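In: Curious how this folds, go ahead:
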Amino acid sequence: MTTTMPSPAPVAVNDIGSTEEILAAVDQTIKYFDDGDIVEGTVVKVDRDEVLLDIGYKTEGVILARELSIKHDVDPDE
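Out: Purely as a prediction, here's the structure:
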């Protein structure tokens, strides 16, 4: 006995709308950051040389150990 699976509906190029509408939809999902912006995040991983942060928006940030403090012997675990 063979079963035939229905084929998926074809996706049309203009299902979402015009090019401008697509770009506007994409732009609404992206958060832009500038150098020096302060953002909150959750520590994901701590290594000897860096700390990895989840700052949302499907973005991770890295803070190098030398940038954690003005002291040179900082332990990222602290």
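In: Within the helices and strands, which one has Ala25?
Out: Ala25 belongs to helix 19-29 when assigned by DSSP states H and E.
In: what lines up beside the helix or strand just after that helix in the sheet?
Out: Using DSSP H and E, the helix or strand that directly follows helix 19-29 along the chain is strand 42-46. Strand pairing for strand 42-46, using DSSP bridges, gives strand 50-54 (antiparallel).
In: So what touches the strand it pairs with?
Out: 41-46, 60-65, 68, 76 (C-beta atoms under 8 Å, 6 or more residues apart in numbering). C-beta coordinates here come from the backbone N, C-alpha and C atoms, glycine included.
In: And the helix holding Ala25, what does it pack against?
Out: On a contact count with 3 or more C-beta pairs under 8 Å, 6 or more residues apart in numbering; DSSP states H and E, helix 19-29 meets no helix or strand.
In: Export that helix to PDB, keeping only CA atoms.
Out: C-alpha atoms of helix 19-29 as PDB (Å, rounded to 0.1, in the frame of the first residue of the first chain):
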ATOM      1  CA  THR A  19      10.100  45.200  -1.400                       C
ATOM      2  CA  GLU A  20       9.500  48.200   0.900                       C
ATOM      3  CA  GLU A  21       7.100  46.200   3.100                       C
ATOM      4  CA  ILE A  22       9.600  43.400   3.400                       C
ATOM      5  CA  LEU A  23      12.400  45.800   4.300                       C
ATOM      6  CA  ALA A  24      10.200  47.500   6.900                       C
ATOM      7  CA  ALA A  25       9.300  44.100   8.400                       C
ATOM      8  CA  VAL A  26      12.900  43.100   8.700                       C
ATOM      9  CA  ASP A  27      13.900  46.500  10.100                       C
ATOM     10  CA  GLN A  28      11.300  46.100  12.900                       C
ATOM     11  CA  THR A  29      13.000  42.900  14.000                       C
END
